[in-house]
Every structure is written in structure tokens, then in C-alpha cells.
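>>> Below are the sequence and a predicted model for it; my questions follow.
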Amino acid sequence: MHAELKNVLYLFGKKRHPIEIQKTPEVYINGTSPPSEVKAWLRAKGFSDSVVKTLGGMDGNELFSLSKAQLETICGGSEGRRLHSQLTISRNVTGVISHTPFPGFLFLLHWSPFLWETLKDGEMSLRNH
């Protein structure tokens with residue numbers, strides 16, 4: 001039984017494909033990065049010319065505001081996912097705070113506007129009712 005389990009584990013291990021990790025320079029952008037810096041960052045991270053051309057005119061804040069799904073649509077699945085990962089790393093390293101509301105926020109705001117008194121500086125206040 002031990003030999004059979006060992007053989008199954010060996011065969012299972014052979015079926016796995018190694019993950020390819022592309023090493024890139026440790027450069028980061030933040031929300032205040034101008035379009036020229038974003039373009040240089042995209043190039044340094046090895047994104048295709050079409051991605052650099054399409055997104056290189058955005059500033060850091062605009063690029064950080066794109067969702068993973070939007071990036072996949074704009075850049076294609078593989079490059080969109082990689083760009084999302086690189087943006088997450090930059091966000092974590094530089095301390096960028098996402099101003100994208102949680103998914104249910106827009107639904108609540110639309111269907112329950114009477115609940116919200118103010119929406120200032122990214123903070124929400126509820127009425128005392």
C-alpha cells in the first residue's frame with residue numbers, strides 16, 4: 001500500500017506544471033504618479049507595447065482605479081491578471097488606498113439614498129433614525 005501511494009503521488013506530481021515567475025525590477029508607482037512615470041513603470045515591468053500604448057497615458061490614480069475584470073478586458077486575460085498583481089504589489093508597497101467602493105456600496109447608495117447623510121473625504125455618515 002505504501003508503494004502504491006508513493007507511485008500515485010509521483011504521478012500526480014508529474015502532472016503539475018511549474019509556475020513561471022517573471023522577474024522584474026523593483027520599481028513602483030503610486031496614486032500621484034504622472035502618466036510618464038506610469039508608462040516607464042509598465043515598460044520596466046515588461047508589459048507589451050500595446051498595453052503600454054493603451055494605459056501609458058493614465059496617471060497612477062486612474063490606473064489603480066481599474067478593476068481586475070477591466071484590466072483583463074483591456075489587456076487580455078494573462079496580461080490583465082499580471083498587471084493586477086503588479087498593481088497590488090505597488091499598492092501594498094507604497095500604501096495606496098483604493099477609493100473604489102466595496103461592491104455592495106453602489107447598490108446601497110442607489111436603493112437606500114435616505115440612509116446616507118454625507119459622503120465626504122471617503123467617509124460615510126448614517127442618519128440617526
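Received the coordinates, thanks.
>>> quick one, what contacts L55?
Shown in contact with L55 (Cβ atoms under 8 Å, 6 or more residues apart in numbering): 38, 42, 63, 74-75, 83. Glycine gets a C-beta too; all of them are placed from N, C-alpha and C.
>>> ok, now with 7 Å
Neighbouring residues of L55 by Cβ atoms under 7 Å, 6 or more residues apart in numbering: 42, 63.
>>> Same check on P34?
With Cβ under 7 Å, 6+ apart, P34 has these contacts: D59.
>>> so how many other residues sit close to the residue lying closest to N61 once chain neighbours are set aside?
Nearest in space to N61, with sequence neighbours left out and distances taken as Cβ to Cβ, 6 or more residues apart in numbering, is G31 at 4.4 Å. Residues lying near G31 (other Cβ atoms under 10 Å) number 19.
>>> swap in K53?
If you count neighbours by other Cβ under 10 Å, K53 ends up with 11.
>>> Find the helix or strand that it is a member of.
helix 49-55 (DSSP states H and E).
>>> mind listing what's buried in the helix or strand that that helix is followed by?
Following helix 49-55 in sequence order, the next helix or strand is helix 60-64 (DSSP H and E). Residues of helix 60-64 classed as buried under the neighbour-count rule (16 or more other Cβ atoms under 10 Å) are 60, 63-64.
>>> which strands and helices sit next to helix 60-64?
helix 77-94 (3 or more Cβ pairs under 7 Å, 6 or more residues apart in numbering; DSSP states H and E).
>>> repeat that for 8 Å
On a contact count with 3 or more Cβ pairs under 8 Å, 6 or more residues apart in numbering; DSSP states H and E, helix 60-64 meets helix 35-44, helix 77-94.
>>> what's the next secondary structure element after it?
helix 68-75.
>>> Give me the angle between that following helix and helix 77-94.
Going by axes from the mean of the first three to the mean of the last three Cα atoms, to 10 degrees, helix 68-75 is angled at 130 degrees with respect to helix 77-94.
>>> Now tell me what touches helix 68-75 from outside.
By Cβ under 8 Å, 6+ apart, helix 68-75 touches 47-48, 51, 54-55, 66, 80-81, 83-84, 87.
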